[in-house]
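Asker: Sequence below, structure please.
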Amino acid sequence: MDSQPPASPDLEQQTTSRKQRRGIGRIGWAVIGVVFFGSLLAIGILPRLSQRSELKAAVKEASTLTSVNIITPRRAAATTNLELPGSVVALNQTTIYARSTGYLRRWYADIGDRVQAGQLLAEIDSPDIDQQVLQAKAELAQAQANVLQSRAGLAKGVSDLKQAQANLLIARQSWLRWSVLVKQGAVPQQDADTRYATYQANLANVEAAKNTVNSDSANVKAAQANVYASQANFQRNTVLQSYKKVTAPFAGVITARNVNTGVLISAGSGTSNTSSNTNTSNTNTSNTSLYTIAAYDKLDVNVNVPQSLSPSFETSQTAQITVKELPQRLFTGKVVRTSNAIDPNTRTLLTQLEVENYNATLRPGMYATVKFAINRTNTPFVVPDSALVVNAGGTQVATLTKDQTVHYQKVVVGRDYGTEVEITSGLTGNESLIATPTVDETEGLRVQPVAQTK
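Answerer: Residues are numbered from 1 along each chain as shown. From the prediction side, this is the model:
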């Protein structure tokens with residue numbers, strides 16, 4: 001068996017070097033594989049671990065936050081019903097006083113009676129005014145007689161004036177003739193002077209007669225003026241005598257009778273220290289009213305409208321009127337007038353509605369409920385009343401910011417619906433409001449919303 005020749009040193013060195021390079025390559029690939037798979041592991045697992053850690057932290061933080069219910073404000077309806085209390089009053093109501101002094105002879109109408117315009121209500125016995133009428137009538141007759149007498153004197157004066165004027169004409173003609181005869185030497189100058197004196201005397205008589213006529217004419221005018229005065233006085237007393245009969249000024253219902261038969265009545269209005277009891281005698285009544293009468297065919301309903309809603313009310317606007325005692329009846333009223341001024345004490349606008357009452361179902365003094373339909377162009381927001389916070393800072397709501405912290409916002413409150421209120425200013429409609437804020441939800445506190453409802 002032949003033996004192989006020994007390897008050379010170079011060959012052995014190359015073989016050893018080749019083996020070393022193979023070992024190093026395997027290790028490098030192993031390291032690269034470990035790094036690659038480690039990177040994949042880091043990319044897939046580490047974010048999950050981080051998210052899990054953050055989630056745990058968030059859950060832990062959320063478990064420590066205060067939970068609150070949040071809501072969003074909603075718009076009120078464009079048309080809303082407004083109910084206001086009203087008072088029914090008579091459209092025409094008056095108190096009747098006597099215009100004649102005397103004793104009440106008889107009354108013809110009592111409380112609750114429906115009367116017509118001009119209907120006799122009572123009679124007053126007034127002997128004084130009766131005597132004044134007779135005296136005024138006699139004075140008128142005397143004045144008329146004076147006129148006749150003055151006219152007779154005027155007629156006589158006119159007749160005397162005419163006679164004096166005729167005598168003056170004769171005396172003048174006689175004087176003129178004698179003047180011609182004197183120039184001719186047929187008669188002496190003395191005779192002509194006599195005729196001239198007679199002419200001057202008649203001229204004076206004419207002037208005197210004219211003055212008498214003028215005086216008589218003035219006397220006639222004065223007598224006629226006295227007749228007018230006496231006639232006016234007679235008519236005045238006649239009218240006062242007619243006031244002995246007290247009549248209804250308009251059709252309506254008697255709501256009060258304050259006198260009885262035999263009571264002394266004084267003309268004119270005044271106050272009395274007796275009560276207006278319609279069923280008792282008022283024996284000491286003086287200057288008190290006889291009756292109170294109210295028209296029932298049409299009534300007024302007075303309503304005090306809040307200042308915030310006063311711009312919405314216009315004349316001819318209608319409303320529904322109900323009375324608690326008449327649940328089956330619905331009345332329709334129309335706004336006829338407003339006071340056009342806000343009462344500084346109540347900050348309300350007095351508004352009057354007119355309602356037909358042909359059957360006299362409604363009565364003055366009744367309490368009524370008036371329902372208006374209000375159309376609003378700029379409708380406010382509506383929130384529960386529990387969302388309001390009233391403190392030294394005013395009226396506020398607790399809002400939730402984007403980072404879920406509490407912020408208190410001032411608002412202006414409008415109508416109160418009981419469980420809800422209107423917000424007329426301070427909100428945009430996009431806020432998240434804490435439904436029931438407490439003293440624990442302070443400004444800037446971070447909270448956790450657990451529910452959100454419309």
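
Asker: which one is Val335 nearest to, not counting chain neighbours?
Answerer: Nearest in space to Val335, with sequence neighbours left out and distances taken as Cβ to Cβ, 6 or more residues apart in numbering, is Gln317 at 4.5 Å. All C-beta spots, glycine's among them, are computed from the backbone N, C-alpha and C.

Asker: if I pick that neighbour, what's in contact with it?
Answerer: 334-335, 372 (Cβ atoms under 8 Å, 6 or more residues apart in numbering).

Asker: Check Ala164 too.
Answerer: 202, 205-206, 208-209.

Asker: Check which helices and strands whichever strand in the chain runs longest is in contact with.
Answerer: Looking across the chain with DSSP state E, the single longest strand is strand 326-343. Packing contacts for strand 326-343, counted by 3 or more Cβ pairs under 8 Å, 6 or more residues apart in numbering; DSSP states H and E, involve strand 298-306, strand 318-323, strand 348-356.

Asker: What count of nearby residues applies to the spatially closest residue to Thr292 that is not a sequence neighbour?
Answerer: Leaving aside its sequence neighbours, Thr292 sits nearest to Ala256 (Cβ to Cβ, 6+ apart; 3.8 Å). Neighbours of Ala256 under the rule other Cβ atoms under 10 Å: 17.

Asker: what pLDDT does Ala256 get?
Answerer: According to the prediction, Ala256 has pLDDT 91.

Asker: any idea which element Leu121 lies in?
Answerer: Per DSSP states H and E, Leu121 falls inside strand 120-125.

Asker: Chain neighbours aside, what residue packs nearest to Ser312?
Answerer: Of all residues not flanking Ser312 in the chain, Ile374 sits nearest, at 5.1 Å (Cβ to Cβ, 6+ apart).

Asker: May I have the beta-bridge partners of the one you found?
Answerer: Thr80 (DSSP bridges).

Asker: which ones are touching it?
Answerer: By Cβ under 8 Å, 6+ apart, Ile374 lies in contact with 79-82, 309, 312.

Asker: Now, of those, which are buried?
Answerer: 80, 82, 309 (16 or more other Cβ atoms under 10 Å).

Asker: nearest to Ala155, of those residues?
Answerer: Leu309 (82.1 Å; Cβ to Cβ).

Asker: What pLDDT is listed against the closest residue to Leu299 other than its chain neighbours?
Answerer: In space, and not counting its chain neighbours, Leu299 is closest to Asn357: 4.9 Å by Cβ to Cβ, 6+ apart. If you check Asn357, the pLDDT there is 86.

Asker: these two touch, right, Asn357 and Val301?
Answerer: No. The criterion here is Cβ atoms under 8 Å, and Asn357 misses it with Val301 at 10.4 Å.

Asker: Looking at these two, which is more packed in?
Answerer: Val301 (24 against 19).

Asker: Pairing partners for that one in the sheet, please.
Answerer: Going by DSSP bridges, Val301 forms beta bridges with Val88, Leu353.

Asker: swap in the one 4 residues further on?
Answerer: Here Val305 shows beta-bridge partners Leu349, assigned using DSSP bridges.

Asker: List the contacts of the residue lying closest to Gly394 once chain neighbours are set aside.
Answerer: In this structure, Gly394 finds its nearest non-sequential neighbour in Lys410, 5.4 Å apart by Cβ to Cβ, 6+ apart. Lys410 sits next to 393-396, 426 when contact means Cβ under 8 Å, 6+ apart.

Asker: at 7 Å instead, please
Answerer: Going by Cβ atoms under 7 Å, 6 or more residues apart in numbering, Lys410 touches 394-396, 426.

Asker: out of those, which one sits closest to Ala368?
Answerer: Thr395 (32.0 Å).

Asker: Remind me which helix or strand that closest one belongs to.
Answerer: Secondary structure (DSSP H and E) places Thr395 in strand 394-400.

Asker: strands paired with the next helix or strand after that strand, and their directions?
Answerer: Next in sequence after strand 394-400, counting helices and strands by DSSP H and E, comes strand 406-410. Strand 406-410 has the following strand partners under DSSP bridges: strand 394-400 (antiparallel).

Asker: Buried ones in the partner strand, by neighbour count?
Answerer: Buried, per 16+ other Cβ under 10 Å, within strand 394-400: 396-400.

Asker: re the thing from before, can you list the contacts of Gln317 in TSV and add distance to Asn167?
Answerer: Formatted as TSV, the contacts of Gln317 follow (distance: Cβ to Cβ, whole Å):
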residue	distance to Asn167
Lys334	87
Val335	88
Phe372	96
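
Asker: Point out where the stretch 351-454 of the chain drops to low pLDDT.
Answerer: 451-454 (pLDDT under 70).

Asker: For it, which segments count as strands?
Answerer: With DSSP state E, counting those that start in this stretch, the ranges of strands along the stretch 351-454 of the chain come out as 367-375, 381-384, 388-391, 394-400, 406-410, 412-416, 420-425, 432-434, 447-453.

Asker: Using CSV, lay out these together with distance to Ile71.
Answerer: CSV is the format used below for those (distance: least, Cβ to Cβ, whole Å):
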stretch, distance to Ile71
strand 367-375, 25
strand 381-384, 7
strand 388-391, 12
strand 394-400, 10
strand 406-410, 14
strand 412-416, 17
strand 420-425, 11
strand 432-434, 5
strand 447-453, 6
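
Asker: Buried deepest among those strands, which one?
Answerer: Stretch with highest mean neighbour count among the strands of the stretch 351-454 of the chain: strand 432-434 (a mean of 22; mean count of other Cβ atoms under 10 Å).

Asker: I'd like the next helix or strand past the helix or strand where Val158 lies.
Answerer: Secondary structure assignment for Val158, by DSSP H and E: helix 127-184. Downstream of helix 127-184, the next assigned helix or strand under DSSP H and E is helix 189-242.

Asker: Which strands or helices does that next one pack on?
Answerer: helix 127-184 (3 or more Cβ pairs under 7 Å, 6 or more residues apart in numbering; DSSP states H and E).

Asker: Now do the helix it packs on, average pLDDT.
Answerer: Here the average pLDDT along helix 127-184 is 84.
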